[in-house]
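In: okay, here's the prediction I keep looking at, along with the sequence it came from:
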Amino acid sequence: MSISFDSALGVHEDALLLRGKRAEVLANNIANADTPNYKARDFDFASVLDKALGNSTEMAPTKVATTNAGHMSGFVDPDMAADLMFTRPIQPSIDGNTVEVQEEMAKYTDNALRYQASFRFLNDKFTGLKNALKGE
């Protein structure tokens, strides 16, 4: 009987990858808190996870063709670019920056805690699989 890691690990493998990408986006927002006209971005974690798991009914985004080796892919993963949305500030600054540092820090902390929870679940799954293989 073979072990399917997809069924054994559940959603947590994909959740870890997406939590890491969201941490990058939120950290980028925090780093640009003083940049004039910078627009804060984020993505809806649940909908992106559903799409990653194949549960989404949305059409797949069109891929952009790279016609020259000098084309830059940018700082954002091209597959994630379609999922990034601009956040609406409660109180925008005069210089056009929409980053609210306290809000971004709260989102980042929440994301980090959820990352740790998924990591712990994965660790427990691997411990259980290891014990099953040992016959314990």
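Out: Looks like it arrived, so ask away.
In: got the buried residues for the lengthiest helix in the chain?
Out: In the chain, taking DSSP state H as the definition, the longest helix is helix 101-134. Residues of helix 101-134 classed as buried by neighbour count (16 or more other C-beta atoms under 10 Å): 103-104, 107-108, 111, 114-115, 118, 121-122, 125. (Each C-beta comes from the backbone N, C-alpha and C, glycine too.)
In: quick one: which two of the residues you listed are the most distant?
Out: Greatest spatial distance among these (C-beta to C-beta): Glu103 and Lys125, at 33.2 Å.
In: re earlier: quick one: the longest helix of the chain to chain centroid distance?
Out: Mean-position distance between helix 101-134 and its chain equals 13 Å (C-alpha atoms, centre = their mean, to the nearest Å).
In: then stretch 98-105?
Out: Mean-position distance between stretch 98-105 and its chain equals 17 Å (C-alpha atoms, centre = their mean).
In: number the residues from 52 up from this point.
Out: Got it, the first residue is 52 from now on, which makes the last one we talked about stretch 149-156.
In: what's in contact with it?
Out: For stretch 149-156, contacts defined as C-beta atoms under 8 Å, 6 or more residues apart in numbering pick out 77, 80-81, 83-84, 89-91, 137-143.
In: any of those residues buried? List them.
Out: Looks like the contacts of stretch 149-156 have 77, 80, 83, 89, 91, 138 buried, using 16+ other C-beta under 10 Å.
In: report pLDDT for Ser58.
Out: Model confidence at Ser58, expressed as pLDDT, equals 63.
In: go on, the one 10 residues further on?
Out: Residue-level confidence at Leu68 comes out at 88, pLDDT.
In: check the average confidence over the longest helix of the chain, would you?
Out: On average, the pLDDT along helix 152-185 is 91.
In: again, but for stretch 95-114
Out: 67.
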